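A.B. asks: Would you be able to build a 3D model of this:
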Amino acid sequence: MPIKTQKVLDSSFDRCTRQKTFIQIDKLSFRDYRDEALADLDAAKKELANGTIKWAIVKAYQALFLQCTAVLVKTVGVYSKDHGCLLIALLKHNIVSVDVLSKIETMLSHKKTLFEEIERLRISRNKALYFPKTQNIIAAQEAEHIIEEVRSLLVLLGEQL
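C.D. replies: Here you go, the predicted model:
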């Protein structure tokens, strides 16, 4: 990692730590987060089938957040109260293996990084949650695509568990 990038990462991680974003928890509780991630992904599929696109996107994003949390908890024994700090912790601790990153990179060849994809999904979730008219604009096809990408990411991140 370039020195400048490492300094920004260190600074961001320190900020998250100062804000008491990270909470020490039992590493074995990763199972709870993994199971909840899978349940939320199933719920997202059901919401999509029922035509509630907004909640399909929200639940798919939540599934991804929970699976990332499962990886962090199992590896470091830490829970992050903030989604951004969760990603920073995954980077800081070099948690996602090179093999998994390579598979994710192949899967997301049209994206730059796993973290940019997570950010894109977060933005889609925010639009669906905070801009009600967006629900009418977001097509079911986009929601279906988001759910499929999240499912694939859950499988790859699950390799870390």
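A.B. asks: Near residue 74, how many other residues are there?
C.D. replies: 18 (other Cβ atoms under 10 Å). In short, each C-beta sits where N, CA and C put it, glycine included.
A.B. asks: shouldn't it be in contact with residue 158?
C.D. replies: No - because the distance of 10.7 Å does not satisfy Cβ atoms under 8 Å, residue 74 is recorded as not touching residue 158.
A.B. asks: so what's residue 40 up against?
C.D. replies: 59, 60, 62, 63, 66 (Cβ atoms under 8 Å, 6 or more residues apart in numbering).
A.B. asks: Would it be right to say that it lies in a helix?
C.D. replies: Yes - checked against DSSP: H, G, I helix; E, B strand; the rest coil, residue 40 lies within a helix.
A.B. asks: So it versus residue 158, what's the distance?
C.D. replies: 14 Å (Cβ to Cβ, to the nearest Å).
A.B. asks: cool, residue 121 as well?
C.D. replies: 17 Å.
A.B. asks: Next, give phi and psi for residue 23.
C.D. replies: phi -120, psi 130 (degrees, to the nearest 10).
A.B. asks: Could you point out the longest helix of the chain?
C.D. replies: Identified as the longest helix of the chain according to DSSP state H is helix 53-76.
A.B. asks: what lines up beside the following helix or strand past that one in the sheet?
C.D. replies: Going down the chain from helix 53-76, the next helix or strand is strand 78-80, by DSSP states H and E. Using DSSP bridges, strand 78-80 pairs in its sheet with strand 22-24 (antiparallel).
A.B. asks: how about the strand it pairs with: buried residues?
C.D. replies: residue 22 (16 or more other Cβ atoms under 10 Å).
A.B. asks: same deal with stretch 66-81?
C.D. replies: Judged by neighbour count using 16+ other Cβ under 10 Å, the buried positions of stretch 66-81 are 66-80.
A.B. asks: Tell me the one among those residues nearest to residue 51.
C.D. replies: Using Cβ to Cβ, residue 66 comes nearest to residue 51 of the buried residues of stretch 66-81, at 24.1 Å.
A.B. asks: In terms of helices and strands, where is the residue lying closest to that closest one once chain neighbours are set aside?
C.D. replies: Nearest residue to residue 66, sequence neighbours excluded (Cβ to Cβ, 6 or more residues apart in numbering): residue 37, at 3.8 Å. Per DSSP H and E, residue 37 falls inside helix 30-49.
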